[in-house]
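Novice: Sequence and computational prediction follow.
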Amino acid sequence: MDEQPWILLVEDEPDIAEILHSVLTSHGYRVMQSAKVADAVTKLGNQLFACLVLDMRLAGGDSGEDIIAAARSSKKELNATTPIVVTSGHLDAELVKRIGHHVAGVLVKPFSPDTLLAKVQSAISSRQP
């Protein structure tokens, strides 16, 4: 049997992170969580992920854009092409323009678990040969 894919979930709201973690693990994904840019970047350098689920606006002024940049310029190239599904409570046109070519999908909060799963599954299947 194939090993279940790893997803890096970057979400700073504990309640939302818990729900997303539960949804993803109940559908067979293994999930590592992070609430901060530095921690997420470290994990990107140490583990290959099938997908990143990334909140764009993190506490303390951290930005998901920093994580996107780190993933795309990964020295180990572990996650340089890993699909990214962005989540946010608010996405302005300028932000979408800046990140659009780096992401596989965008979800505006609130979204349903089924929508999250569909985006993640689509992102992962588009990466596989």
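Specialist: Received the coordinates, thanks.
Novice: From here on, just use CA atoms for contacts and neighbour counts.
Specialist: Will do.
Novice: hey, where'd the helices end up in the protein?
Specialist: Using DSSP state H, the helices of the chain run over 14-26, 37-46, 64-72, 93-99, 113-127.
Novice: Just name the most buried of those helices.
Specialist: helix 64-72 (a mean of 20; mean count of other CA atoms under 10 Å).
Novice: other SSEs contacting that one?
Specialist: With contacts taken as 3 or more CA pairs under 8 Å, 6 or more residues apart in numbering; DSSP states H and E, helix 64-72 sits against helix 37-46.
Novice: quick one, what contacts the most centrally placed residue in the chain?
Specialist: The chain has residue 53 as the residue nearest its centroid, 1.9 Å off, counting by CA atoms, centre = their mean. Residues near residue 53 by CA atoms under 8 Å, 6 or more residues apart in numbering: 7-10, 84-87, 120.
Novice: at 10 Å what do you get?
Specialist: Listed by CA atoms under 10 Å, 6 or more residues apart in numbering, the contact set of residue 53 reads 7-11, 20, 31, 33, 83-87, 105-107, 116, 119-120.
Novice: swap in residue 71?
Specialist: Residues near residue 71 by CA under 10 Å, 6+ apart: 40-41, 44-45, 52, 65, 77-84, 102.
Novice: from the residues you listed, which has minimum pLDDT?
Specialist: Lowest in pLDDT among the contacts of residue 71 is residue 77, which has 61.
Novice: among the helices of the chain, which gets the worst mean confidence?
Specialist: The bottom spot among those, by mean pLDDT, belongs to helix 93-99, with a mean of 77.
Novice: So which elements touch that helix?
Specialist: Packing contacts for helix 93-99, counted by 3 or more CA pairs under 10 Å, 6 or more residues apart in numbering; DSSP states H and E, involve helix 64-72.
Novice: how deep is residue 60 tucked in, by neighbour count?
Specialist: 8 (other CA atoms under 10 Å).
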